[in-house]
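>>> what follows is a predicted structure for the sequence shown.
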Amino acid sequence: MSVEKRKPVLVIGLGRFGAAVALTLERMGHEVLGADVNARRVQEFAPELTKVVEADCTQTGTLENLGVADFEAAVVAIGSDIEASVLSVLALSDLGLTNIWAKAVNQKHARILERTGAHHVVFPEQRMGERVAHLLNERLLDFISFGSEFAIARLAAPERIVGLPLVTSECRKKYNVTVVGVKRRDEDFIHAVPDTIIFPEDELVVSGRIDDIERFSAI
């Protein structure tokens, strides 16, 4: 059964970040137009994306020829050439796109992108660096932050709450975290309820402030 095609998305810049975005969108059912000034990258991803073109997307004329005014969204994934990044966002904005995502390499770059017309600015290297730092303590198995304070994390059940139902361990009251669900070996993920008993080797999905999650994982 074929995957239903969604509205097309333009991805400008097929480096590591841009390629990952483009390939994931393709797997999700989007038509993806990948654009890069590097002929080798265009050739590399031509078999995997809906369409790939060698093009300088800093000019509105080029984008108009590609028909991107009809696209649902655009991702400017250029990081090494800040001028090209900013000019591409400006050109997309001039064409009236209302869902422009852009990669930034620092805060100054991000501010320029926002003022130029980017609706969403991301810092992939910074976010990955933060994620790795949190995972290095070996207590957290996975980690997704929301802003600078809150996160959802997957971690091994702390020994102190093993054998107790959640209503007894009072994780929210004592540790300021909410246990969202439990993953048990060879079993499906289950949503946590007050009567859920935590077993040895359980993995928990918890939400809360980052500092509280770190402390909870260490008890």
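That came through fine. Numbering: from 1, shown residues only.
>>> quick one: pLDDT of the spatially most central residue of the chain?
Computing the C-alpha centroid of the chain and ranking residues by CA atoms, centre = their mean puts P124 first, at 7.8 Å. Listed pLDDT for P124 reads 76.
>>> also L155?
You'll see L155 listed with a pLDDT of 89.
>>> ok, A192 touching V177?
No: because the distance of 11.3 Å does not satisfy CB atoms under 8 Å, A192 is recorded as not touching V177. Every residue, glycine included, has its C-beta placed from N, CA and C.
>>> what count of nearby residues applies to the residue lying closest to E64 once chain neighbours are set aside?
Among residues not flanking E64 along the chain, L95 sits closest, at 6.9 Å (CB to CB, 6 or more residues apart in numbering). Burial measure for L95: 17 neighbouring residues, criterion other CB atoms under 10 Å.
>>> same deal with the one 3 residues further on?
As a burial measure, T98 scores 10 neighbours (other CB under 10 Å).
>>> equivalent analysis for M28, please.
The number of residues packed near M28 is 11, by other CB under 10 Å.
>>> who's more crowded, A192 and V177?
Set side by side, A192 and V177 show unequal neighbour counts under other CB under 10 Å, the larger going to V177 at 21 against 17.
>>> what's near enough to touch the residue lying closest to A46 once chain neighbours are set aside?
Spatial nearest neighbour of A46, chain neighbours left out: V52 (4.7 Å); criterion: CB to CB, 6+ apart. With contact set as CB atoms under 8 Å, 6 or more residues apart in numbering, V52 has these partners: 14, 33-36, 42, 45-46.
>>> filter those down to the buried ones.
Buried residues within the contacts of V52, counting neighbours by 16 or more other CB atoms under 10 Å: 14, 33-36, 42, 45.
>>> now, those residues that are in strands?
Of the buried ones among the contacts of V52, the ones assigned to strands by DSSP state E are 33-36.
>>> ramachandran angles for E72?
As for E72, its main-chain torsions (degrees, to the nearest 10) stand at phi -70, psi -40.
>>> redo the contacts of V52 as a markdown table? Include distance to L204 and pLDDT.
As requested, these are exported to a markdown table (distance: CB to CB, whole Å; pLDDT from 0 to 100):
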| residue | distance to L204 | pLDDT |
| --- | --- | --- |
| L14 | 38 | 95 |
| L33 | 41 | 95 |
| G34 | 39 | 96 |
| A35 | 43 | 96 |
| D36 | 42 | 96 |
| V42 | 45 | 95 |
| F45 | 39 | 95 |
| A46 | 44 | 94 |
